[in-house]
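Trainee: quick one, structure for this:
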Amino acid sequence: MQREELEKYCKDQGAYAAKVISVKEIEFDPSFRKYCEDNVCGQYGRNYACPPYAGTPQELKERACAFRQAVVFQTVTPLEGGMTEDSLQAAKNQNNQVGDAIQERLETEKRRSLRARAGQCSYCTECEALKGKPCTYPPKGQISLSAFCVNVASLAETCGMKFQNGENTLTYFGVIFFGDLEEESKKKEDPV
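Mentor: Residues are numbered from 1 along each chain as shown. Okay, the predicted model is just below:
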């Protein structure tokens, strides 16, 4: 699958916009970790996909940089009736459903990937971290984009996307780091 094909696939799955970029173009800013530590979302220390369990900013950057490319996608959800806890969750779920579809497609093509999702992992009603038990879905449990300390405003600009898409809408971003499309295509064309 070529870049354009993957970007189109993302849109076909419900992404408002999508762009394949080099991981080198992504700005990681460890100072953003303070937002997680301030526990605004209430998940710090309560979810394996969030800090401190997810890893340090440096560890996560190293994991991301082990891949050459990333597909950045955004969803834009209309907020009919204003911004409520339910509308926030619905918008996050929409973004994560798109991300699930993209990641499954990459997996069917036997590509290694690492997902940075919108918000905490929500596969379980209550994360096993609260009980001191291992993660129930380690291959599926994805790390929050916030934990990676990605400067999402800068990322949006790099991808030619709007960070916000107007009043009464909620924009979420997701990133999936993966192997190089062109390099893998060449390997198929020129077997070693």
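
Trainee: max-length helix in the chain?
Mentor: For the chain, the helix with the greatest residue count under DSSP state H is helix 85-108.

Trainee: what comes up buried for it?
Mentor: 87-88, 91-96, 98-103, 105-106 (16 or more other C-beta atoms under 10 Å). Where you see a C-beta, it was placed from the backbone N, CA and C, and this is true even at glycine.

Trainee: ditto for stretch 15-25
Mentor: The neighbour-count check on stretch 15-25 (16+ other C-beta under 10 Å) flags Ala15, Tyr16, Ala17, Ala18, Lys19, Val20, Ile21, Val23 as buried.

Trainee: would a markdown table of these with distance to Arg68, secondary structure and pLDDT be doable?
Mentor: Output for those, formatted as a markdown table (distance: C-beta to C-beta, whole Å; DSSP: H, G, I helix; E, B strand; the rest coil; pLDDT from 0 to 100):
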| residue | distance to Arg68 | secondary structure | pLDDT |
| --- | --- | --- | --- |
| Ala15 | 21 | coil | 97 |
| Tyr16 | 25 | coil | 97 |
| Ala17 | 21 | strand | 97 |
| Ala18 | 17 | strand | 98 |
| Lys19 | 15 | strand | 98 |
| Val20 | 11 | strand | 97 |
| Ile21 | 10 | strand | 97 |
| Val23 | 6 | helix | 97 |
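
Trainee: and the furthest pair within these?
Mentor: The span of the buried residues of stretch 15-25, defined through C-beta to C-beta, is set by Tyr16 and Val23 at 22.1 Å.

Trainee: and the strands in this protein?
Mentor: 17-22, 69-78, 113-117, 143-144, 169-178 (DSSP state E).

Trainee: okay if I get those as a markdown table plus distance to Glu157?
Mentor: Formatted as a markdown table, the strands of the chain follow (distance: least, C-beta to C-beta, whole Å):
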| stretch | distance to Glu157 |
| --- | --- |
| strand 17-22 | 11 |
| strand 69-78 | 11 |
| strand 113-117 | 17 |
| strand 143-144 | 21 |
| strand 169-178 | 12 |
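
Trainee: quick one: closest of those strands to Glu126.
Mentor: strand 143-144 (16.8 Å).

Trainee: what does that closest one rub up against?
Mentor: Strand 143-144 is contacted from outside by 43, 49-50, 54-55, 60, 114-121, using C-beta atoms under 8 Å, 6 or more residues apart in numbering.

Trainee: what about it, distance to the chain center?
Mentor: Mean-position distance between strand 143-144 and its chain equals 7 Å (C-alpha atoms, centre = their mean, to the nearest Å).

Trainee: ok, stretch 34-44 next?
Mentor: Stretch 34-44 sits 18 Å away from the centroid of its parent chain (C-alpha atoms, centre = their mean).

Trainee: that stretch - what's its average pLDDT?
Mentor: Taken as a whole, stretch 34-44 carries a mean pLDDT of 91.

Trainee: now the end-to-end length of that stretch.
Mentor: Stretch 34-44 stretches 11 Å from its first residue to its last (C-alpha to C-alpha, to the nearest Å).
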